[in-house]
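> For reference, the sequence and a predicted model appear below.
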Amino acid sequence: MPANCVAPLVDREALGGAYFLLTFRHPETAREARPGQFVMIKAGVSAEPPLRRPFSILSVDAARETFTLFVKAIGQGSRALCAMAPGDVAQCLGPLGRPFTPPPAGVEALLVAGGYGVAPFRFLGEELRRTGGGTARLFYGGRTAADLPLLGRLGGRGQTLVPVTEDGSLGERGLVTVPLEAHLDAAAGPVRLYACGPDAMMHAVARLAAARGLAAEVSLDPWMGCGIGTCLGCVVRVQGEDEPRWKYRCACTEGPVFDSARVVWPGEEDSRARRAGGGAEEGRR
Ligand SMILES: Cc1cc2nc3c(=O)[nH]c(=O)nc-3n(C[C@H](O)[C@H](O)[C@H](O)COP(=O)(O)OP(=O)(O)OC[C@H]3O[C@@H](n4cnc5c(N)ncnc54)[C@H](O)[C@@H]3O)c2cc1C
Ligand code: FES
């Protein structure tokens, strides 16, 4: 069950640029969170800004009753969080949302991350290691080297790390899907894909999975006002199994993790309606 309570900041680490690691004390999230889940959080106890913001859980420490976020400070809410000092408090609701489905035994997990989308994969990688759940390969992409500040804290112990930058300043040069595709071409065993990052990247991963008949999950990143299914600010278009048309679904409660083959990606509305034998009529809740 998610818990709504005041969470003190216990540790803050600046990683350079706009990136920070923030560790909060929140026993329920530390104890119950699964990889892919998130918290709704805002700095302080005042009414401004009114809404909390969603952040994926990077890691948990049940013994210390803490969880850690990887935050890129880009606006009012995230900057206020990153400006907190240890001892300051935040308002936090979590853990929330549907987590990733772990890969079946013997299936390699291919984790595809863009920018701060790497956050849930640190947690998923740790979980796979802890449970002996098989090997993982993390493709970690960004525009430039400065966009990969978590690089030194990922991979190792049975997990392969593939850094990729668009400008070639670190790792392979190009889009993160290029080495992913090369790996898929060469992979001998079964794989399962997981993606979190910019929409265009997740759409590209969804296309690769569809073309090869592979299972893939994506963690969508819409605006979220409440995190509990009441404001409808986070709706995304998803077509359930055996449903003739897509419906709007709350990413906060039914996601943020969805089967990539069920998501209606921009520009794919017509083909989806044709496959279902109908017109491109809008879905209804
Ligand atoms: C499930 C989920 C998990 C997330 N996990 C992380 C995480 O681990 N680390 C992290 O740094 N961020 C994460 N985010 C994004 C984070 O919630 C936003 O950056 C945050 O809401 C911005 O709030 P703000 O008040 O700082 O910025 P605002 O003032 O609200 O916005 C500043 C600028 O950022 C843009 N923006 C804000 N939110 C988004 C968004 N969701 N997608 C695209 N553009 C946006 C706005 O258009 C605006 O230009 C996650 C979002 C979701 C939905
Ligand atoms: S964020 Fe309010 S319904 Fe999902």
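That came through fine. Ligands and ions are numbered 1, 2, ... in the order given.
> next one: phi and psi at Leu208?
Taking degrees, to the nearest 10, you get phi -60, psi -40 for the backbone angles of Leu208.
> How many neighbouring residues does it have?
20 (other CB atoms under 10 Å). Heads up, the C-betas are built off the backbone N, CA and C, glycines and all.
> Could you say which helix or strand holds the nearest residue to it once chain neighbours are set aside?
Once flanking residues are discounted, Leu208 sits nearest to Glu181: 6.2 Å by CB to CB, 6 or more residues apart in numbering. Taking DSSP states H and E as the definition, one finds Glu181 inside helix 177-186.
> And ligand 1, is stretch 67-79 touching that?
Yes: using CB under 6 Å from any ligand atom, stretch 67-79 reaches ligand 1 at Leu69, Phe70, Val71, Lys72, Ile74, Gly75, Gln76, Gly77, Ser78, Arg79.
> Now render those residues as a markdown table, adding pLDDT.
A markdown table is the format used below for the residues of stretch 67-79 next to ligand 1 (pLDDT from 0 to 100):
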| residue | pLDDT |
| --- | --- |
| Leu69 | 98 |
| Phe70 | 98 |
| Val71 | 98 |
| Lys72 | 97 |
| Ile74 | 95 |
| Gly75 | 94 |
| Gln76 | 92 |
| Gly77 | 94 |
| Ser78 | 95 |
| Arg79 | 95 |
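> List the buried residues in stretch 4-18.
Ala7, Pro8, Leu9, Val10, Arg12, Leu15, Ala18 (16 or more other CB atoms under 10 Å).
> Could you tell me the model confidence score at the fourth one?
Pointing back at Val10 there. At Val10, the model reports a pLDDT of 98.
> Can you tell me the SS state at it?
At Val10, secondary structure determined by DSSP: H, G, I helix; E, B strand; the rest coil is strand.
> what about Ala200, neighbour count?
Ala200 has 13 neighbouring residues, counting by other CB under 10 Å.
> what's the distance between it and ligand 1?
As judged by CB to the nearest ligand atom, to the nearest Å, Ala200 and ligand 1 stand 12 Å apart.
> Name the SS class of that residue, please.
helix.
> how far away is it from Val71?
22 Å (CB to CB, to the nearest Å).
> coming back round to it: gap between the residue nearest to Leu208 and ligand 2?
In terms of CB to the nearest ligand atom, Glu181 sits 33 Å off from ligand 2.
> Against ligand 1, how distant is that residue?
Computed as CB to the nearest ligand atom, the Glu181 to ligand 1 distance reads 25 Å.
> and Gly174, what pLDDT?
Note for Gly174: predicted pLDDT of 96.
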